[in-house]
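Trainee: structure of the sequence below:
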Amino acid sequence: MTAFRTIVDTLGTAATAGETVVLATVVRVVGSSYGGVGSRMVARVDGSTVGLVSGGCLESDLALHARRVHESGRAEVVSYDTRADDDAVWGLGLGCNGLIDVLLEPLAPARAAEVSALLALALAAERPSALATVVKGEGAGAPAVGAHALLAGGVTHSTGEWGDGAVRAALPSHEDAALAAGRRGMVVTSGGVEVAFEIVQPTVKLVVCGSGPDVVPVVRLATELGWDVTVVDHRPVEHARSERFPGARVVQCADPALLADVVPLGARTAAVVMSHHFARDTEYVRALSVTAAGYVGVLGPSARTERMLAELAARGATVAGDRLFGPVGLDLGGDGPEAIALAIVAEAAASMHGRAGGHLRDRVATLHGGVPTRA
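Mentor: Now for the predicted structure:
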């Protein structure tokens, strides 16, 4: 979620600086595209941009459109249709074979602060949220283009002008369908109003039980992905050398049984047990087995994990097999701490996103769809 967090921070910085910016958001995709619905870019008055809505092929053209939006102060939707063989007519030569609609909305400082806060709320949630954005508003009582609403478990948080409120009141009825649509997103049309829905995944929380040298590359990779990382050590924090883990929080947990009291362990939490101490690792696994943590990885060979589980079973403790990954990591090959860290973080990411971690060439659906790979 690094890209999403960067947009949140950029909007917040613009608001603090009293700067008006244009927010570009992909609101609809038909066919193929580099990024899915919800990809964002911020364009400043000086022409500089932050973020990507494509692989770099649309950004320059969008910056030109953003300049016009800066001048007019009115939101607009720009469409790129590259499904025809002669898409070179755009002068872009995308070759993506898709239709992409991008909403450009001018955000004055106060408005940028509101949108930043709303997006940050979605990142901090414990479950995926549906974000609704008005992309067309015509007729009496219609909401303004660029009005946003976050739907999270029956609660609606909104910004912008929603007209007579009728459209906003109807949004919760579309929440389940929006969540089912996933990264593909969806657009709901009613009269002269169009509302685009996207799914915002909460920030992944990574809890690493252990603070040895091999934890360093794991933390580095996870923080680069924008994950919220916590390193747990049985010793006082100063012994864990917290400066070795920039961007992560280091906490002490002398008793693994109290792990859930020290760090949050929800469904969006991936935990990796790698203290290299068998008895302590066993207790970490036992503590994690009774939490809602969505992923539990255990470093070490299969025999070690099997022995660990056998000891827990003898004591009456059971571990959900679909959440436990031991040995931890995808089978990527390679050797050394960095290669192991890549395998660990890649597997945790796949699990958090509901994917198997296979080859994209073997998928039978679009890259941003939810259909599994071939059996």
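Trainee: run a quick neighbour tally on the closest residue in space to A271 that isn't next to it in sequence.
Mentor: Of all residues not flanking A271 in the chain, V207 sits nearest, at 4.5 Å (C-beta to C-beta, 6 or more residues apart in numbering). (C-beta placed from N, C-alpha, C; glycine too.) When counting by other C-beta atoms under 10 Å, one arrives at 28 neighbours for V207.
Trainee: so which helix or strand takes in V207?
Mentor: strand 205-209 (DSSP states H and E).
Trainee: next, the angle from the next helix or strand after that strand to strand 205-209.
Mentor: Next along the chain after strand 205-209, taking DSSP H and E as the criterion, comes helix 215-224. Interaxial angle, helix 215-224 versus strand 205-209 (axes from the mean of the first three to the mean of the last three C-alpha atoms, to 10 degrees): 170 degrees.
Trainee: on contacts alone, who are the packing partners of helix 215-224?
Mentor: Secondary-structure packing of helix 215-224 (3 or more C-beta pairs under 8 Å, 6 or more residues apart in numbering; DSSP states H and E): strand 205-209, strand 228-233, strand 248-252, helix 337-352.
Trainee: hmm, try it at 7 Å
Mentor: Counting contacts by 3 or more C-beta pairs under 7 Å, 6 or more residues apart in numbering; DSSP states H and E, helix 215-224 packs against strand 205-209, strand 228-233, helix 337-352.
Trainee: adjacent strands (with direction) for the shortest one?
Mentor: Note on strand 205-209: by DSSP bridges, its sheet partners are strand 228-233 (parallel), strand 269-273 (parallel).
Trainee: quick one, helices of the stretch 151-300 of the chain?
Mentor: Ranges of helices in the stretch 151-300 of the chain, per DSSP state H, counting those that start in this stretch, are 166-170, 175-181, 215-224, 259-262, 278-289.
Trainee: so can I have TSV of the strands paired with strand 205-209 showing mean neighbour count, mean pLDDT and distance to I340?
Mentor: Below are these laid out as TSV (neighbours: other C-beta atoms under 10 Å; pLDDT from 0 to 100; distance: least, C-beta to C-beta, whole Å):
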stretch	mean neighbour count	mean pLDDT	distance to I340
strand 228-233	23	95	16
strand 269-273	27	97	11
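Trainee: go through these and name the closest to L121.
Mentor: strand 228-233 (15.0 Å; C-beta to C-beta).
Trainee: looking at the helices and strands packed on helix 215-224, which is buried most?
Mentor: strand 205-209 (a mean of 28; mean count of other C-beta atoms under 10 Å).
Trainee: and for that one, what are the contacting residues?
Mentor: 215, 218-219, 222, 227-232, 263-265, 268-275, 284, 348 (C-beta atoms under 7 Å, 6 or more residues apart in numbering).
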